[in-house]
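Asker: here is the input, now give the coordinates:
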Amino acid sequence: MKTTAINQKVIGLLRQLSDDNNISIEQNKHLKVTGVYGGQRRVLILYSSPSSSYQKKLRSTLRRFLRSLAVEVDLTPIF
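Answerer: Numbering: from 1, shown residues only. Next comes the predicted model:
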């Protein structure tokens, strides 16, 4: 699966989980997704560089981010 497709699915998930279903996305070198989760403004960086282990690294990063929000989500549809 291409990195763009993976990033779009992750962005969709983060949008659903945000308090107001609203996130902002900025791109300088990497995609920076900012949203309000549980009343706090939180940021997740999505790397746009393709690599063979991109999916594995992003899954780990996303799990850590979701764990910090105390949210349990099944990630199999994304990855």
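Asker: check the secondary structure at the residue nearest the centre of the chain for me.
Answerer: What sits nearest the mean C-alpha location of the chain, by Cα atoms, centre = their mean, is residue 10, with 4.4 Å. Three-state call for residue 10 (DSSP: H, G, I helix; E, B strand; the rest coil): helix.
Asker: all strands of this structure, in order?
Answerer: Here the chain has its strands, by DSSP state E, at 23-27, 31-37, 40-46.
Asker: just for this structure, where's the confidence low?
Answerer: Counting by pLDDT under 70, the chain shows low-confidence ranges at 48-49.
Asker: neighbours of the closest residue to residue 50 other than its chain neighbours, just the number please.
Answerer: Spatial nearest neighbour of residue 50, chain neighbours left out: residue 3 (5.1 Å); criterion: Cβ to Cβ, 6 or more residues apart in numbering. Every C-beta, even on glycine, is put in place using the N, C-alpha and C of the backbone. By the criterion of other Cβ atoms under 10 Å, residue 3 has 16 neighbours.
Asker: do residue 33 as well
Answerer: Number of residues near residue 33 (other Cβ under 10 Å) recorded here: 21.
Asker: so it touches residue 11, yeah?
Answerer: Yes. In this structure, residue 33 is within contact of residue 11 by Cβ atoms under 8 Å, at 6.1 Å.
Asker: shared neighbours, those two?
Answerer: Here residue 33 and residue 11 have 23, 25, 46 as joint contacts, going by Cβ atoms under 8 Å, 6 or more residues apart in numbering.
Asker: highest neighbour count among those?
Answerer: With neighbours taken as other Cβ under 10 Å, the top of these is residue 46, carrying 21 neighbours.
Asker: list the contacts of it.
Answerer: By Cβ under 8 Å, 6+ apart, the contact list for residue 46 reads 7, 10, 11, 30, 31, 32, 33, 58.
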